[in-house]
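A.B. asks: Next one to model:
(one chain, ligands or ions: 1)
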Amino acid sequence: MITLALSKGRIFDDTLPLLRAAGIEVLDDPEKSRKLILDTNQPGVRVLIVRASDVPTYVENGGADLGITGKDTLIEHGGQGLYQPLDLQIAKCRISVAVRNDFDYERAVKQGSRLRVATKYVAIAREFFAAKGVHVDLIKLYGSMELAPLTGLADAIVDLVSTGNTLRANHLVEVERIMDISSRLVVNQAALKLKQAPIRAMIDAFAAAVAAQAKA
Ligand code: PRP
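C.D. replies: Modelled structure (predicted):
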């Protein structure tokens with residue numbers, strides 16, 4: 001049995017064409033079903049629906065053989081012990097710093113004032129501001145980061161930006177781009193040894209599908 005850990009939403013939707021290219025059809029829709037283990041058209045392949053931030057944990061500890069997770073999640077998690085053979089070029093976005101459109105970010109940074117930064121991405125934010133020599137107080141949040149500058153909880157946020165619609169709707173502006181993000185395939189190293197043929201076949205099929213999508 002090969003077990004693949006996925007999260008609901010964009011990663012799941014963007015993974016379906018890659019699975020299809022590997023001859024795998026998922027038989028349930030996680031948006032409609034409450035099932036957390038989804039069967040596929042291949043009796044030897046199943047899909048687990050887990051929280052995005054739990055994908056590396058499942059794969060690292062052998063709860064799943066493979067998983068698909070954002071580079072953001074991997075950096076925050078650490079990703080130690082995970083084989084990361086492929087950038088799938090899906091669920092592309094970026095991690096950026098954003099502030100209220102009336103906040104003078106340049107000035108705050110130049111003056112060396114302590115910046116209060118709210119984020120789910122504490123490791124990424126800490127490293128980014130440390131490299132710039134900016135003093136920050138990091139405030140860990142689990143969602144709706146956009147509220148932090150609006151309520152006075154923080155001066156800035158570090159968050160994922162895709163279309164920019166969420167920032168615009170909340171009168172925030174992107175002031176620095178920290179890094180580009182896409183989803184990666186991660187593999188449990190022991191599983192790769194024990195189930196080498198089917199896992200290699202899946203990696204190769206995904207790689208071919210990614211290459212084909214890049215050309216299209
Ligand atoms: C992310 C992010 C922003 C939004 C950005 O949230 O936290 O809120 O997407 O997308 P946009 O630039 O296209 O508006 P997501 O929907 O992934 O949910 P989350 O709050 O659980 O992270």
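A.B. asks: I'd like the next helix or strand past the helix or strand containing Val109.
C.D. replies: Take DSSP states H and E as the rule and Val109 turns out to sit in helix 105-110. Where DSSP H and E defines the elements, the next helix or strand beyond helix 105-110 is strand 115-119.
A.B. asks: Tell me what the closest residue to Gly62 other than its chain neighbours is bridged to.
C.D. replies: Sequence neighbours aside, Asn188 is the residue nearest to Gly62 in space, at 5.5 Å (criterion: CB to CB, 6 or more residues apart in numbering). The way it works is simple: take the backbone N, C-alpha and C, and place the C-beta from them, glycine included. On the basis of DSSP bridges, Asn188 is bridged to Leu82.
A.B. asks: Run a quick neighbour tally on Asn188.
C.D. replies: Asn188 has 25 neighbours, counted by other CB atoms under 10 Å.
A.B. asks: I'd assumed Val55 was in contact with it.
C.D. replies: No. If you go by CB atoms under 8 Å, Asn188 and Val55 don't touch, sitting 11.5 Å apart.
A.B. asks: so what's in contact with those two at the same time?
C.D. replies: Common neighbours of Asn188 and Val55, using CB atoms under 8 Å, 6 or more residues apart in numbering, are Ala64.
A.B. asks: hey, what's the nearest residue to Arg177 once chain neighbours are set aside bridged with?
C.D. replies: Spatial nearest neighbour of Arg177, excluding adjacent residues (CB to CB, 6+ apart): Ser96 at 5.0 Å. Residues in a beta bridge with Ser96, per DSSP bridges, are Asp159, Arg177.
A.B. asks: Quick check: beta-bridge partners of the most centrally placed residue in the chain?
C.D. replies: Taking CA atoms, centre = their mean, the centroid of the chain lies closest to Gly70, which sits 2.3 Å from it. Beta-bridge partners for Gly70, by DSSP bridges, are Ser183.
A.B. asks: quick one: contacts for it?
C.D. replies: 11, 52, 91, 181-184.
A.B. asks: Neighbours of the closest residue to Ile199 other than its chain neighbours, how many?
C.D. replies: Once flanking residues are discounted, Ile199 sits nearest to Leu192: 5.5 Å by CB to CB, 6+ apart. Using other CB under 10 Å, Leu192 has 16 neighbouring residues.
A.B. asks: Surely Leu192 is in a strand?
C.D. replies: No. Counting by DSSP: H, G, I helix; E, B strand; the rest coil, Leu192 falls outside a strand, being helix.
A.B. asks: which ones are touching it?
C.D. replies: With contact taken as CB under 8 Å, 6+ apart, Leu192 is in contact with 65, 83, 199-200.
A.B. asks: Could you list which of these also contact the ligand?
C.D. replies: When contact is defined as CB under 6 Å from any ligand atom, the contacts of Leu192 do not meet the ligand at all.
A.B. asks: Narrow the residues you listed to those that are buried.
C.D. replies: Among the contacts of Leu192, those that count as buried by neighbour count (16 or more other CB atoms under 10 Å) are 65, 83, 199.
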